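K.L.:
Using only what follows, build the 3D model:
(4 chains)
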Number of protein chains: 2
Amino acid sequence: MPDLTLEDIAKQAGVSRSTVSRVLNDHPNVRQDVRERVQDVIESTGFRPHAAARALASQHSWTVGLVYPHSVSFFFTDPYYPQLTKGIAQACNQNNYTLALFLVDSKEDEKKIFTSVTRKGFLDGVLVQSGHHGDQQIIGNLVDANIPQVVIGRPFRTDNVSYVDIDNINAAFNAVTHLIRLGCKRIATITGPERSTAGLDRKAGYIRALRERGLDVNEKLIVEGDFTESGGYYAMKKLLSARPDAVFAASDIMAVGAMRAVREAGLQIPADIAFVGFDDLPLAALSGVQLTTIRQPVIQFGAKAVEILIDLIENGMKPPRRIIMEAELVIRETCGAGKE
Amino acid sequence: MPDLTLEDIAKQAGVSRSTVSRVLNDHPNVRQDVRERVQDVIESTGFRPHAAARALASQHSWTVGLVYPHSVSFFFTDPYYPQLTKGIAQACNQNNYTLALFLVDSKEDEKKIFTSVTRKGFLDGVLVQSGHHGDQQIIGNLVDANIPQVVIGRPFRTDNVSYVDIDNINAAFNAVTHLIRLGCKRIATITGPERSTAGLDRKAGYIRALRERGLDVNEKLIVEGDFTESGGYYAMKKLLSARPDAVFAASDIMAVGAMRAVREAGLQIPADIAFVGFDDLPLAALSGVQLTTIRQPVIQFGAKAVEILIDLIENGMKPPRRIIMEAELVIRETCGAGKE
DNA sequence: TCTCGTTCTGGGAGCGCTCCCAGAAAATGT
DNA sequence: ACATTTTCTGGGAGCGCTCCCAGAACGAGA
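P.N.:
From the prediction side, this is the model:
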């Protein structure tokens, strides 16, 4: 089929360009029979309006960007991000938005991508994954660019930014409280990086749980990890000398690494050391471990982010919107739920 | 900054719209000093041309789509796809193309996404992951839509389509030959789905290796899997009664599942059963296993796909381009390389 | 029947660029 | 010096749509 334009359809349907446009955009004020006639022609010709022309005239591209900063370049090692991406993609699709993906892989990339993301007429809005402290710059730049955006995960600078996050503090609190109830006394934690809010919050929840239950907070039982498997492994190595009877790992991947270290040391899970992770990745499939963990509602989380972004696009950017979602403790085997 | 246009920049630089356009697009025939003056103004104002306007006028959007059909909805369980996505994203970035991501999640999605992908003025070209037989329709549609596209992985219908693939037959051949050299006699295989060309090809390579080395092809030693962990697990269960001394799994994920079954049966790897996988996912981190496997050059593979697509866009769609890349056997522990 | 809303329709202008062409300016040759 | 070629520059047209406005068509009320 040759390249059709609105005008061609108009001619075929015996109406004007404007009327076809109205039909296309579901405007009222088109006589029913005319509307149907036009729709028939559109249908039979397979006509679809030219996206760029439409975007130019309407100043609305129906495209949103998803930016993963550099710090999530281990991006595709941790199944969390793919999952999130899927949720976002689905939501976009449902809302008739197209998703443009930007993976920042280096400093030069960052500049290039920033330029690309902020250029006019291409994106209606942007989702940015909040990562380490080091990523704050790109987030800040985006805020300054005054483009509708929502940050995924609370960023460090929150003034005037919309974001979605899960209630990390509370989730961690519940996880650790669960371990305490099971009778664990020396509960260690492998935290996320201090440079990430998720790491900070989960640690805060851990501390609060200990405090509320009257347990000491022992610095020896707190080791910083980096959300990778090997990070968890080495953190656990350090931790072993402090003889913990339970470990709350701030991510499943780190829990996997840590459990590897535990097994290597000849200890049993959960008999010697109980484990709770965070994320609920489908890694039972991979590691064969039934990990007690916090289930993040990843898919809904992504959907929520998209929903808010669309709200921002359609109804203006202020006030900033903020959503905190709850995460749920999933009790499986590694916490030794039945051992008391 | 207010919304600037070409005309504004032109005024500030004391030249015409056209000259600014020429500077922007690196056209020759602009006097050096004029060019610099214009560049300065562009720089200092932070001006960036309106993407939609540009796309409309030039009929070139600098955006390519990446479509994952429904069959890869387990998409984000198998780390292969995220990896591939990363390679593609990087390559796009390097070539100043933007990547639009389409994840088909249901039949309705497929229609919607197809409409979206093929609408004029939005994408310059499309990458499509070839999946099961069931996805051939969307690929066929895309071909019919006559839009520059490259299929990732050989599709069933290859007439007139450009694609990139890895040499699955040869890779599988090498893997199995390696096992034979190590002295294995009863080599089983867990294949990919018969409905995928990758599954078919890897099986063909397996058979060829046996034949060339004078070993019997035993139907009992061939079980179809589905590229998932649990698929591998159940396939192995079936296989155990045939008492194989080695298994060539058509994907790492399936190998992981299969090894789980082997361990549950109280057998040792590689002493009782040697293993070779396919993909070389970074799953040693997760499963702790040092799997001998075929390394797919995933990142380069993605880059190649993008490269070809751009070639198609810039230099016309025929003849169709086809690239077959070699994959390499990575010998680790599970094949028992030292056991003879 | 005519008048006065109301609903519907068509055409013009314009979104911000690129591309073409004609003419100006500069460079070259005689 | 002038003619001729080559390089550079500006303006017009147009990409395919949306949006606004004016006027046509239709209906209801008197």
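
K.L.:
Give me the phi and psi angles of the residue lying closest to residue A:3 once chain neighbours are set aside.
P.N.:
Residue nearest to residue A:3 in three dimensions, not counting chain neighbours: residue B:120, with 6.6 Å by CB to CB, 6 or more residues apart in numbering or on different chains. Quick note: C-beta positions are derived from backbone N, CA and C, even for glycine. Backbone torsions for residue B:120, taken as degrees, to the nearest 10, come to phi -70, psi 150.

K.L.:
so what's residue A:112 up against?
P.N.:
B:93, B:96 (CB atoms under 8 Å, 6 or more residues apart in numbering or on different chains).

K.L.:
can you do 6 Å?
P.N.:
Residue A:112 makes contact with no residue, according to CB atoms under 6 Å, 6 or more residues apart in numbering or on different chains.

K.L.:
do the same with the one 5 residues further on
P.N.:
Taking CB under 6 Å, 6+ apart as the definition of contact, the neighbours of residue A:117 are A:65, A:126.

K.L.:
how does it look with 7 Å?
P.N.:
Under the criterion of CB atoms under 7 Å, 6 or more residues apart in numbering or on different chains, the neighbours of residue A:117 are A:65, A:67, A:102, A:123, A:126.

K.L.:
hang on, the residue nearest to residue A:3 packs against residue A:50?
P.N.:
Yes - using CB atoms under 7 Å as the test, residue B:120 is close enough to residue A:50 to be in contact (4.8 Å).

K.L.:
what about residue A:10, neighbour count?
P.N.:
18 (other CB atoms under 10 Å in any protein chain shown).

K.L.:
again, but for residue A:115
P.N.:
12.

K.L.:
Any figure for the gap between it and residue A:142?
P.N.:
Residue A:115 sits 12 Å away from residue A:142, going by CB to CB, to the nearest Å.

K.L.:
Let me see the contact set for the nearest residue to residue A:224 once chain neighbours are set aside.
P.N.:
Closest residue to residue A:224 apart from its sequence neighbours, by CB to CB, 6+ apart: residue A:191 at 5.1 Å. Listed by CB under 7 Å, 6+ apart, the contact set of residue A:191 reads A:199, A:202-203, A:222, A:224-225, A:250.

K.L.:
Filter those residues down to just the ones in helices.
P.N.:
Applying DSSP state H to those, the entries found in helices are A:199, A:202-203.

K.L.:
Burial check on the nearest residue to residue A:96 once chain neighbours are set aside, number of neighbours?
P.N.:
In this structure, residue A:96 finds its nearest non-sequential neighbour in residue A:62, 6.4 Å apart by CB to CB, 6+ apart. Using other CB under 10 Å, residue A:62 has 18 neighbouring residues.

K.L.:
Where does the prediction get shaky in the stretch 151-300 of chain A?
P.N.:
Low-confidence segments of the stretch 151-300 of chain A, defined by pLDDT under 70: A:283-288.

K.L.:
For DNA strand D, what is the nearest residue in it?
P.N.:
residue A:162 (24.4 Å; CB to the nearest atom of the strand).

K.L.:
Pull the residues that contact the longest helix along chain A.
P.N.:
Counting by DSSP H, the longest helix found in chain A is helix A:298-315. Contact with helix A:298-315 is made by A:64, A:80, A:83-84, A:86-88, A:90-92, A:95, A:124-125, A:127, A:148, A:150, A:152, A:162, A:164, A:166, A:321, A:323, A:325, as judged by CB under 7 Å, 6+ apart.

K.L.:
before we move on, what about stretch A:226-238?
P.N.:
Against stretch A:226-238 from outside (CB under 7 Å, 6+ apart): A:74, A:78, A:190, A:192-193, A:223, A:225, A:249, A:251, A:253-258, A:260-262, B:285-286.

K.L.:
And stretch A:269-282, by the same measure?
P.N.:
Applying CB under 7 Å, 6+ apart, the contact partners of stretch A:269-282 are A:79-80, A:175, A:178-179, A:182, A:184, A:202, A:244-252, A:255, A:259, A:262, A:267, A:291-296, A:330, A:333-336, A:339, B:77.

K.L.:
And the residue nearest to residue A:3, how far from DNA strand C?
P.N.:
For residue B:120, the distance to DNA strand C equals 15 Å [CB to the nearest atom of the strand, to the nearest Å].

K.L.:
quick one: the strands in the stretch 151-300 of chain A?
P.N.:
Using DSSP state E, counting those that start in this stretch, the strands of the stretch 151-300 of chain A run over A:162-166, A:187-191, A:222-224, A:246-249, A:274-276, A:293-295.

K.L.:
Ok, which of those comes nearest residue B:55?
P.N.:
strand A:162-166 (28.3 Å; CB to CB).

K.L.:
List the buried residues in that closest one.
P.N.:
Judged by neighbour count using 16 or more other CB atoms under 10 Å in any protein chain shown, the buried positions of strand A:162-166 are A:162-166.

K.L.:
that older thread, so of the contacts of residue A:117, which ones are in strands?
P.N.:
Counted as lying in strands by DSSP state E, out of the contacts of residue A:117, are A:65, A:67, A:102, A:126.

K.L.:
and the last one, what does it touch?
P.N.:
Think residue A:126. Counting by CB under 7 Å, 6+ apart, residue A:126 makes contact with A:64-65, A:67, A:117, A:142, A:147, A:149.

K.L.:
cutoff 6 Å now
P.N.:
A:65, A:117, A:147, A:149.

K.L.:
Next, count neighbours for the third one.
P.N.:
Spelled out, it's residue A:147. A count of nearby residues for residue A:147, using other CB under 10 Å, gives 19.

K.L.:
Tell me the residues of chain A that contact chain B?
P.N.:
Residues of chain A lying near chain B by CB under 6 Å from any CB of the partner chain: A:48, A:50-53, A:55-56, A:76-77, A:82-83, A:86, A:89-90, A:93, A:98-101, A:103, A:105, A:109, A:119-122, A:229, A:256, A:260, A:282, A:285-288.

K.L.:
coming back round to it: would you mind checking the contacts of stretch A:226-238 for buried ones?
P.N.:
Among these, the ones that count as buried by 16+ other CB under 10 Å are A:78, A:190, A:192-193, A:223, A:225, A:249, A:251, A:253-258, A:260-262, B:285-286.

K.L.:
can you tell me which of those residues are in helices?
P.N.:
When DSSP H is applied, these are split such that A:253-258, A:260-262, B:285-286 fall in helices.

K.L.:
What segments of the stretch 101-250 of chain A are helices?
P.N.:
Remark: helices assigned in the stretch 101-250 of chain A by DSSP state H, counting those that start in this stretch are A:107-118, A:136-144, A:168-181, A:197-212, A:229-240.

K.L.:
would you list those in CSV and tack on distance to residue B:305?
P.N.:
Putting those into CSV (distance: least, CB to CB, whole Å) gives the following:
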stretch, distance to residue B:305
helix A:107-118, 19
helix A:136-144, 27
helix A:168-181, 38
helix A:197-212, 34
helix A:229-240, 29
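
K.L.:
Quick one, grab the pLDDT at residue A:40.
P.N.:
Residue A:40 carries a pLDDT value of 90.

K.L.:
That one: neighbouring residues, count only.
P.N.:
Residue A:40 has 12 neighbouring residues, counting by other CB under 10 Å.

K.L.:
Which helix or strand contains it?
P.N.:
Taking DSSP states H and E as the definition, residue A:40 sits inside helix A:32-45.

K.L.:
Output the helix or strand following that helix in PDB with nothing but the alpha carbons.
P.N.:
Going down the chain from helix A:32-45, the next helix or strand is helix A:51-58, by DSSP H and E. What follows is helix A:51-58, C-alpha atoms only, in PDB (Å, rounded to 0.1, in the frame of the first residue of the first chain):
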ATOM      1  CA  ALA A  51       3.500   9.500  14.100                       C
ATOM      2  CA  ALA A  52       5.900  12.300  13.600                       C
ATOM      3  CA  ALA A  53       3.400  14.600  12.000                       C
ATOM      4  CA  ARG A  54       1.000  14.000  14.700                       C
ATOM      5  CA  ALA A  55       3.600  14.500  17.400                       C
ATOM      6  CA  LEU A  56       4.600  17.800  15.800                       C
ATOM      7  CA  ALA A  57       1.200  19.200  15.500                       C
ATOM      8  CA  SER A  58      -0.100  18.000  18.800                       C
END
